[in-house]
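Peer 1: Return a 3D structure for these sequence lines:
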Amino acid sequence: MSLGQHAFGGLPFSRWLWGLEHAFERARASGRAEDDTRLRIFFVLAIFSAAFLALAVGATRAAMFSGLRGHDGLAPIAGASRADLVDRNGQMLAADLLHYGLYIDPREIWDTAETRAALTRTLPSVDAHRLERALRGERRTFLMGGLTPEQRARVHSLGLPGVSFEPEERRVYPLGSTAAHLIGFADTGGEGLTGAEAALNEDIRKAAAGKAAIPLSIDLRVQAALEDELYKAAAEFRPRGAVGIVTNVHTGEILGMASYPTFDPNRPGEATDDARLNRAAASVFEMGSTFKAFTVAIGLDAGVATPSSTFDARFPYQLGYRTINDYHAARKVLTLVEVFQHSSNIGTAKLAVSVGPQRLSQYFNNLGLTRTAPVELIESARPLTPKKWDEDTVASTSFGHGMNVSPLTLVIAYNTLMNGGVRRPLTIRKVEDGKTVPGERVMSERTSAQMLQIMRANVTGGSGKSADAPGLSVGGKTGTGEKYDPAIRGYSRQKQVSSFAAAFPTDGAVEDDRYFVLILMDEPHPSARTYGYSTGGWVAAPAAGRVIDRIAPFLGVRRKNDILTLAEGAAAPPPGVQ
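Peer 2: Okay, here's the model as predicted:
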């Protein structure tokens, strides 16, 4: 149907126009010139109104039904959209925000010098060489992306011919480096590359269509306290790297995870590979004496020992061609609890030999120590495990030598000891309250209860004293693993992995709420405060205690008077244990 038919009730436009012209002639013939003028004005207004109405209808139809967008449209680019990431309490961690790409078409530019000067003045971060190539090119060229709406408005207000914009989704991390390694980052095409962004990539993209946010397991309050204390310790002891982890031992939820040094996921390209490395998941270490908790638990669970069993640590332990010594020799007969408190290599090795290679290796496997940590993070690294399990291997691995695992692998095994003996995977997803997380039983509840008490005894009267937090019943184990140094073809006391593995609260039933904290320093340097020592008890345990003291209120852990009780059959605590 023609425009005339649309506007004038179905009359052909030519017929209507013929009738109108005859009306003008009749007006002139009758001498009514004013009527002639009015008719002509009416005619012009009618034509313009009809044209405007037709354009308006067409524009409305295009906007509503065509599915096409103009360069300055506000709708997100469908293929790149990602859902928001939030912490377990709904606090924003990552979001898509509308930004703009800036384009230059030199064919439309009137004054190249003016355009160059105006853009450089308005956008100081623009690459000068790239701008020059765009200005001297022969076609429309992308100049830079990531312009905020405010930046776009400033450039647009310049009125520069040949300068245009196109909308683009950009992933934004409003908290900067906070939880950077756990959250990760995505590329400009909307694909997750690291951390949760990569691990949950498909779910994040699918959820974008429904505008639903994806909650992660971390609690930003816990994360902030963990990072603050870890970075303070790193500033004091200047390690090569550091790790901090907080978990719920029953659900496997990672409530906080920090890796030092860190980076800003808003600008990952500006960070070094070392800063982007997630040491909690992707690095493996000889963990030293933190492994003694596993050996002691295995001895208890296998029925080889009780808390009151004794081990002669008066002299070095000769095992084949090697001699095993204690770092701080007690030179006396020790109960199993005292072996743990004094962190005796001699007592632990003797216990492991009693357990035997087959049983020890099987328990290590059941605890998850010989496997890649089951967690959504694609960075999770495979442990380096012994190829042959003999008495020498058993003795070494019993106190954390000859076997390299990631911090996350260590956490899974400790969660198992602390939660009643059930190995569960770790997760970066929030677990809904009351939901049961499936797992595999690898130790008895009795063994778990005994280990909670033994770890508590180590904090009240052993090597973990500096990790105590008033009223929170902290238990834990120090760890100092010497690193192999190719320069000396042996282990170096100057290059250590110093750590502290802590659980709280250790009192109550095994099914009660309980949390695990790991602080690890890779090659820390001693400070004046530590009298030249850089072991786990000096550099990691105090930081763990401060983290626990700060996060307990966020986790609903109430302070109470500490009453130490050892497991049934345990020996009385040594002097100093209250």
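Peer 1: In stretch 262-282, which residues are buried?
Peer 2: 262-266, 268, 271, 275-282 (16 or more other C-beta atoms under 10 Å). Quick note: C-beta positions are derived from backbone N, CA and C, even for glycine.
Peer 1: Report how far apart the opening and closing residues of it are.
Peer 2: 14 Å (C-alpha to C-alpha, to the nearest Å).
Peer 1: the bottom helix or strand of the protein by mean pLDDT?
Peer 2: Lowest mean confidence among the helices and strands of the chain (mean pLDDT, DSSP states H and E): helix 3-7, at a mean of 40.
Peer 1: for the stretch 151-300 of the chain, what spans make up the helices?
Peer 2: For the stretch 151-300 of the chain, the helices defined by DSSP state H, counting those that start in this stretch occupy 180-183, 195-199, 201-209, 220-237, 273-276, 279-282, 292-301.
Peer 1: May I see the buried residues of the third one?
Peer 2: To tie it back to what came earlier, the one meant is helix 201-209. For helix 201-209, the neighbour count (16+ other C-beta under 10 Å) marks 201, 203-205, 207-208 as buried.
Peer 1: for whichever strand or helix holds Phe340, packing partners?
Peer 2: Assigned by DSSP states H and E, Phe340 belongs to helix 336-341. Of the remaining helices and strands, those touching helix 336-341 by 3 or more C-beta pairs under 8 Å, 6 or more residues apart in numbering; DSSP states H and E are helix 292-301, strand 310-312, helix 345-355, helix 445-461.
Peer 1: Tell me the first helix or strand C-terminal of the last one.
Peer 2: Meaning helix 445-461. Going down the chain from helix 445-461, the next helix or strand is strand 475-485, by DSSP H and E.
Peer 1: Quick check: next helix or strand after that next one?
Peer 2: strand 490-504.
Peer 1: Give the partner strands of whichever helix or strand comes after that next one in its sheet and their orientations.
Peer 2: Downstream of strand 490-504, the first helix or strand assigned by DSSP H and E is strand 515-522. Note on strand 515-522: by DSSP bridges, its sheet partners are strand 241-248 (antiparallel), strand 490-504 (antiparallel).
Peer 1: how about low-confidence regions in the stretch 101-250 of the chain?
Peer 2: For the stretch 101-250 of the chain, no stretch has pLDDT under 70.
Peer 1: do that again at 90, thanks
Peer 2: Along the stretch 101-250 of the chain, the parts satisfying pLDDT under 90 run over 145-146, 148, 168-170, 188-190, 209-211.
Peer 1: And the strands in it, which stretches?
Peer 2: 141-147, 163-172, 214-215, 241-248 (DSSP state E, counting those that start in this stretch).
Peer 1: Show the secondary-structure elements that the longest one is packed against.
Peer 2: This means strand 163-172. strand 92-104, strand 141-147, helix 149-156.
Peer 1: Which positions in that strand come out as buried?
Peer 2: Those would be 163-171, for strand 163-172 by 16+ other C-beta under 10 Å.
Peer 1: Likewise for the first one?
Peer 2: Within strand 141-147, the residues that count as buried by 16+ other C-beta under 10 Å are 141, 143-144, 146-147.
Peer 1: who's in contact with that strand?
Peer 2: For strand 141-147, the surrounding residues in contact (C-beta atoms under 8 Å, 6 or more residues apart in numbering) are 99-106, 123, 125-127, 130-131, 133-134, 155, 165, 168, 170, 188.
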